[in-house]
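Peer 1: Give me a 3D structure for the following:
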Amino acid sequence: MTDALAGPPPRRTTIVVQPNASLSVAQAIGFMISISAVSLGIAVWLAFQGFWPVLPFAGIELAALGLALWVSVRGNAYREVIRVDGDEVVIEFGMAGQGARSRLALPRAMVRVWSERQFAGEIRLLLVCGEQRFDIGRCLGPQDRRSLYRRLREVFRPGWQNSAAVPAAGAASLD
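Peer 2: Next comes the predicted model:
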């Protein structure tokens, strides 16, 4: 009788790439309320002084600020999930809480990690499978992108097994 556990451990890992979300929704709402109170307070005071054209411009400025905060907070929900499970690599792109916007399943033996030098020392990370190229880590800063590159190189090196390596900064490893 053969031992079912005698083989090498499964090659499995999950890497979640997400932006450094330093502004929460509650903080954005609090900031918007405080700025609106100050801005509208000054605009109303100036309107009572006879400078009524200030009111529409204050409204336009607050609308632009609200839009910018909404875009920022919405961008914080972006996720890239890279799952390596045996001979398959699954890449999912999308927003947290909304499910994957796109999902790709690739053969692990064909996937390679590639980096391209950009201007000012920036690197662009790619997962390459044949002629297909997939940008990874666009939401990360330069240091976090380099750490992710090292982690992906470790995961996709030949003979890789489920390792206990420390995950890349800006990416969580969920083994």
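Peer 1: By mean pLDDT, flag the weakest helix or strand of this protein.
Peer 2: Here the helix or strand of the chain ranked lowest by mean pLDDT, DSSP states H and E is strand 171-173, holding a mean of 39.
Peer 1: Mind giving me the packing neighbours of the helix ranked longest in the chain?
Peer 2: Longest helix in the chain, counting residues (DSSP state H): helix 25-48. For helix 25-48, the packing partners by 3 or more CB pairs under 8 Å, 6 or more residues apart in numbering; DSSP states H and E come out as helix 54-75. Backbone N, C-alpha and C define where each C-beta goes, glycine included.
Peer 1: mind listing what's buried in the helix it packs on?
Peer 2: Residues of helix 54-75 classed as buried under the neighbour-count rule (16 or more other CB atoms under 10 Å) are Val54, Ala58, Leu62, Leu69, Val73.
Peer 1: Could you identify the most distant pair in those?
Peer 2: Farthest apart among the buried residues of helix 54-75 by CB to CB are Val54 and Val73. That separation is 28.2 Å.
Peer 1: and the spatially most central residue of the chain, how far is that from Gly94?
Peer 2: With distances taken as CA atoms, centre = their mean, Gln18 lies nearest the centre of the chain, 2.7 Å away. According to CB to CB, to the nearest Å, Gln18 and Gly94 sit 11 Å apart.
Peer 1: Next, show the common contact partners of these two.
Peer 2: Listed as contacting both Gln18 and Gly94 by CB atoms under 8 Å, 6 or more residues apart in numbering are Tyr78, Arg79.
Peer 1: what angle separates the longest helix of the chain from helix 54-75?
Peer 2: 170 degrees (axes from the mean of the first three to the mean of the last three CA atoms, to 10 degrees).
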